[in-house]
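**Student:** give me a model of this one.
(chains A and B)
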Amino acid sequence: MSDSNIRNFCIIAHIDHGKSTLADRILEATSSISEREMTDQVLDSMDLERERGITIKAKAVRLTYRSPDGKEYIFNLIDTPGHVDFGYEVSRSLAACEGALLVVDASQGIEAQTLANLYLAMENDLVLIPVINKIDLPNADPDRVRRELQDIVGFEPDEFIFASAKTGQGVHEVLEAIAERIPSPRGNIDAPLKALIFDSHFDAYRGVIAYARVVDGHLGTGTQIKLMATDKEFEVTELGVFRPDMEETQSLSAGEVGYVAAGVKNVQDMRVGDTITCAKSPADAPLPGYMQVRPMVFCGLYPVETSDYEDLRDALTKLRLNDASLVFEPETSVALGFGFRCGFLGLLHMDIIQERLEREFDLDLITTAPSVVYRVRKTDGETAEIDSPAKLPPISKVMAIEEPFVNATIITPSDYIGPVMELCQDRRGEYKDMEYLSENRVRLVYDLPLSEILLDFFDRLKSRTRGYASLDYEYIGHFESDLVKLDILLNDRPVDALSCMIHQEKAQERGRQLVSKLRGIIPRQLFDVPIQAAVGSRVIARETVRAIRKNVLQKCYGGDISRKRKLLEKQKEGKRRMKQLGNVEIPQEAFMAVLKVD
Amino acid sequence: MKALGLYIHIPFCVKKCNYCDFNSFCLNSFDMPEALINQYMEALHKEAEIQSEAVRQLGAQVVTIYLGGGTPTCLPEESLLTLLTEIFQAYPVARDAEVTVECNPRTVDHKKLRRLRDTGVTRLSIGVQSLDDSLLARLGRAHSALDAVEVFYLARKVGFDNINIDLIYAIPDQTMKDWEETLDLVMELEPEHISSYGLMLEEGTPLWNEVRAGAIRPCDEDCEIAMYYLAKDRLKRAGYEHYEISNFALPGFKCRHNIIYWRLAPYISLGAGAHSYVGRERWSNLKDPGDYRHSIMRFGSAVDEQETFTESDEMSTVMILGLRMANGVEEEEFHKRFGKSMRDVFAGAIEKGVAHGLLEWDGGRLRLTRHGLMLSNEAMREFL
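**Tutor:** Just a heads-up that it's a prediction; the model follows:
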């Protein structure tokens, strides 16, 4: 088949704007899956993805489309993750396409992440097809959204498709537009092999399965390939396409999208963004843009039962097979014992990994408060990167501390500009820009410390804007801040797992909040337990959990004996689930208290 | 000969109190209370007869009998006396047995009390609860303070020389002074025995609902603790021994029946929801009187739950019950019963309790400290 029939495209959309539903309609319309197989949102194969309504890992599906004039096309729909944590994967997915459907909810308008991805697509010279979705909703305002998009991107009025993925309205126009407007891939089948890996997963039998877009040349079973970033060589054992299940083929040529397996046992050797070339006659240079993904958020994961330590290690090792961006190393905490310091792309990534560990591997975990990576310039001229407050060198050896900053874009209805700016300022944001997208929607740009975003920024943003604001951000660098380490002492002993880094000016307030929150969480013990917040040796807040004075079953006769045993057993079970810290017993949620303070 | 306690449950009351979550039912809420009582008594007689066979086969002797409820004295005089008479005939009752009947003011008169005494009842337990009429009203009691005092004197008059008075403290709005006054008045009556309980707000009771709705404020914890120790100290000065967490007695008048429970000695119980423990077997009857009756009449048994204690269950239960008593658990007695050393079996629990000042050794006895009384659960759960 000539590559002139191939259309490689993706869908750019905000969560809930209907990307998955539209993808399902496209799959149905091209009869790629039977009705029997049709579960809602086919592309999101993990339960977790379906429950959360988000796509975590990009997928690719090959579809056959027969247009009304009888021409047959091959569509490769490359799905993209919809969350800021997975920005790099989005950019790789976009790089594998010639066009994109820009799907925007007719009642909401464009959101921050969509805008970010839209700009990425424009940088990659993708042809954009604007689709205004959910026009069947009673509060839909397609004209307003159309004007907004026209202003931002400069679309012509006749480029818009008005659709409802739910009812199927407009789906055929979308298919026709893909065939008509998106160019076929330009690649040279005779040039040396260049294929972009835009995603991968690990298969227990076949090793790493790379999802690749062949740009030049071709790939066949048995081809000796080289990965240009890692310089490692492998022999292709299997390749094929997704329909949407894997279907083996003999070769993949320039312009095509499919999967490649080469018995690679380590996901680190075949990474997203790398270029596959032929070992015998390699390409001169890799495809542009490979970047090693660096974890931005770290936290400690500890098993509740110390005996689960090895199981946790196995589980993390297994998850990493599928996820090159997850890093972990053993860590010891005085409070929590043996665990792991784990690095994630962002908070959602962290949540997902945690939840998978608990759900798929049945582990009970204690998670410590997330931390960013600080760069510490020491008096001896050295620089140390620390991903945990516990690793901060003695303060006498610290010259300056730098923390990561992000450039954040917030799109909000103009009614909420005040509260949003207030929030950003409160979070040490530096105002950069403001722009009206339409008469009542505004794009605000701030530089913010990443650590301030980790601390329930998104929840606050949502509550201040009645859920209407959206947020996107990207890392811009490490900059010096006036930071201190805030320690929490229980019964006069510091609890390492409760320490956090905080801006000097906020230490007092936060210390007070934390101490009062902990007072509510830590149960009364047989003695008074003082809770203190301290910076260095200076105590900045203090409360006391008063000793328990009464715990007695006053009436106990014949019939009450089993009741009494049950009561005591329940109390004992409650105690068993707590962490013993010196002679103080602390419930697990105390370690998460640092995350959310009111 | 093996000693045995016998408990009989009468699940009826004239009125359900605001704080009560016991297995008892208000007679006035039924159309035909007499029929209900007769049917229940019929089942009780049948169960008594069946169980008496088992007791005889055990070769045991009944050393204490306890008629509790509910309010046993809300039964018609004849029903009550017939029941007692039959128990005395059917069971091998020791000559010096302690025979207690619980009663509430306004459910007995001179004649009823005299006939109980004549039939062989040796001990009367009166539900006085408070001698303050406004607090009695708050508790939803169906009597006044004066009613309670009258019953007490009536009981003395017909010859009861072993009387218990039940008291409740930590009632919402009760002040320290209220409690002191009630204690003073009670001490003037000179009962042989006093049971004094901090009010428990049980889920689902009217009082609990009122507190939850914010209509009334529960007694604060510090106040409750102060009331507890006030009673302990006042009663001690008046000659009462504080022999169990909530029980006080003049010398020679501890409740032998309840001590059977606290020693985890054998006891058999009859009636709806009644619990028994014999030879590491624990069982309880169906709670609902109708279900109980039906099951007894049809199958001769109304066992609802049954469990067999392991040795370790029995050892820990001996500890958590035994520690309720001022004498605690005797090392030697424990060794006699289990052939093991208490200090070895419960080394950790004992060490922890002693370290926290909740437990102490008194010669060969382990017992709660004064401080440990109000924190007994903290010490006891370590024995599980």
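**Student:** what is the mean pLDDT for stretch B:42-51?
**Tutor:** The average pLDDT within stretch B:42-51 is 96.
**Student:** ignore what I typed, I meant stretch B:6-19.
**Tutor:** On average, stretch B:6-19 scores 93.
**Student:** dump that stretch to PDB, keeping only the CA atoms.
**Tutor:** C-alpha atoms of stretch B:6-19 as PDB (Å, rounded to 0.1, in the frame of the first residue of the first chain):
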ATOM      1  CA  LEU B   6     -27.200 -19.600  88.200                       C
ATOM      2  CA  TYR B   7     -28.500 -16.500  86.500                       C
ATOM      3  CA  ILE B   8     -32.100 -16.000  85.300                       C
ATOM      4  CA  HIS B   9     -33.000 -13.200  83.000                       C
ATOM      5  CA  ILE B  10     -36.400 -11.400  83.100                       C
ATOM      6  CA  PRO B  11     -36.300  -9.200  80.000                       C
ATOM      7  CA  PHE B  12     -39.300  -6.900  81.000                       C
ATOM      8  CA  CYS B  13     -39.600  -3.500  82.500                       C
ATOM      9  CA  VAL B  14     -42.400  -1.200  83.300                       C
ATOM     10  CA  LYS B  15     -40.600   1.500  81.300                       C
ATOM     11  CA  LYS B  16     -37.400   1.600  79.300                       C
ATOM     12  CA  CYS B  17     -34.900   4.100  80.800                       C
ATOM     13  CA  ASN B  18     -33.300   6.700  78.600                       C
ATOM     14  CA  TYR B  19     -29.800   5.300  78.900                       C
END
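**Student:** centre of the chain to it, how far?
**Tutor:** Relative to the centre of its chain, stretch B:6-19 is centred 12 Å away, using C-alpha atoms, centre = their mean, to the nearest Å.
**Student:** hmm, it in reach of chain A?
**Tutor:** Yes. Applying C-beta under 8 Å from any C-beta of the partner chain, one finds stretch B:6-19 in contact with chain A at residue B:7. Every C-beta, even on glycine, is put in place using the N, C-alpha and C of the backbone.
**Student:** could you look up the SS state of the residue lying closest to residue A:549 once chain neighbours are set aside?
**Tutor:** Nearest residue to residue A:549, sequence neighbours excluded (C-beta to C-beta, 6 or more residues apart in numbering or on different chains): residue B:225, at 5.6 Å. Under DSSP: H, G, I helix; E, B strand; the rest coil, the three-state class of residue B:225 is helix.
**Student:** roughly how far apart are residue B:225 and residue A:363?
**Tutor:** From residue B:225 across to residue A:363, the span is 42 Å (C-beta to C-beta, to the nearest Å).
**Student:** cool, residue B:172 as well?
**Tutor:** 46 Å.
**Student:** surely residue A:191 touches residue A:217?
**Tutor:** Yes. If you go by C-beta atoms under 8 Å, residue A:191 and residue A:217 touch, sitting 5.5 Å apart.
**Student:** overlap of the contact sets of the two?
**Tutor:** Residues touching both residue A:191 and residue A:217 (C-beta atoms under 8 Å, 6 or more residues apart in numbering or on different chains) are A:254, A:283.
**Student:** mind checking which of those two has more residues around it?
**Tutor:** Legend: neighbour count by other C-beta atoms under 10 Å in any protein chain shown for residue A:191 and residue A:217, higher for residue A:217 (23 against 14).
**Student:** quick revisit: quick one: which of residue B:172 and residue A:363 has more around it?
**Tutor:** More crowded of residue B:172 and residue A:363, by other C-beta under 10 Å: residue A:363, with 20 against 17.
**Student:** and residue 305, what is it in contact with?
**Tutor:** Using chain A here. residue A:364.
**Student:** nope, chain B
**Tutor:** Going by C-beta under 8 Å, 6+ apart, residue B:305 touches A:562, B:283-284.
**Student:** tell me which element it falls in.
**Tutor:** strand B:303-308 (DSSP states H and E).
**Student:** can you check residue B:105 too?
**Tutor:** Residue B:105 belongs to no helix or strand, assigned by DSSP H and E.
**Student:** contact partners for it?
**Tutor:** B:126-128, B:143-144, B:147-148, B:150-151.
**Student:** got the contact list for residue A:443?
**Tutor:** Counted by C-beta under 8 Å, 6+ apart, residue A:443 has contacts A:112, A:115, A:409-411, A:433-437.
**Student:** out of these, which end up buried?
**Tutor:** Among these, those classed as buried by 16 or more other C-beta atoms under 10 Å in any protein chain shown are A:112, A:115, A:409-411, A:437.
**Student:** ok, these vs residue A:247, which is closest?
**Tutor:** Distance to residue A:247 across the buried ones among the contacts of residue A:443 (C-beta to C-beta) is lowest for residue A:115, with 35.9 Å.
**Student:** for residue A:554, give its distance to residue A:428.
**Tutor:** For residue A:554, the distance to residue A:428 - C-beta to C-beta - is 55 Å.
**Student:** and if you look at residue B:143?
**Tutor:** Distance of residue B:143 to residue A:428, computed by C-beta to C-beta: 69 Å.
**Student:** and the longest helix for the chain?
**Tutor:** If you meant another chain, say so; for now it's chain A. helix A:504-521 (DSSP state H).
**Student:** wait, chain B was what I had in mind.
**Tutor:** When chain B is parsed with DSSP H, its longest helix is helix B:33-58.
**Student:** helices or strands next to the helix or strand that that helix is followed by in the packing?
**Tutor:** Once the chain leaves helix B:33-58, the next helix or strand it forms, by DSSP H and E, is strand B:60-69. Where contact means 3 or more C-beta pairs under 8 Å, 6 or more residues apart in numbering or on different chains; DSSP states H and E, strand B:60-69 is packed against strand B:2-10, helix B:77-90, strand B:93-103, helix B:256-262.
**Student:** what's the following helix or strand past the longest helix of chain A in contact with?
**Tutor:** Counting by DSSP H and E, the next helix or strand C-terminal to helix A:504-521 is strand A:529-535. For strand A:529-535, contacts defined as C-beta under 8 Å, 6+ apart pick out A:484-492, A:494, A:507, A:510-512, A:514-515, A:518-519, A:522, A:539-545, A:547, A:584.
**Student:** would you confirm that residue B:253 contacts residue B:192?
**Tutor:** Yes. The pair residue B:253 and residue B:192 qualifies as a contact (C-beta under 8 Å) at a distance of 3.9 Å.
**Student:** okay, and the common contacts of those two?
**Tutor:** Joint contacts of residue B:253 and residue B:192 (C-beta under 8 Å, 6+ apart) are residue B:162.
**Student:** now the helix or strand harbouring residue A:201: average pLDDT?
**Tutor:** Residue A:201 is part of strand A:194-203 when elements are defined by DSSP H and E. Strand A:194-203 carries an average pLDDT of 88.
**Student:** so how far is it from its chain's centroid?
**Tutor:** That offset, for strand A:194-203, works out to 18 Å (C-alpha atoms, centre = their mean).
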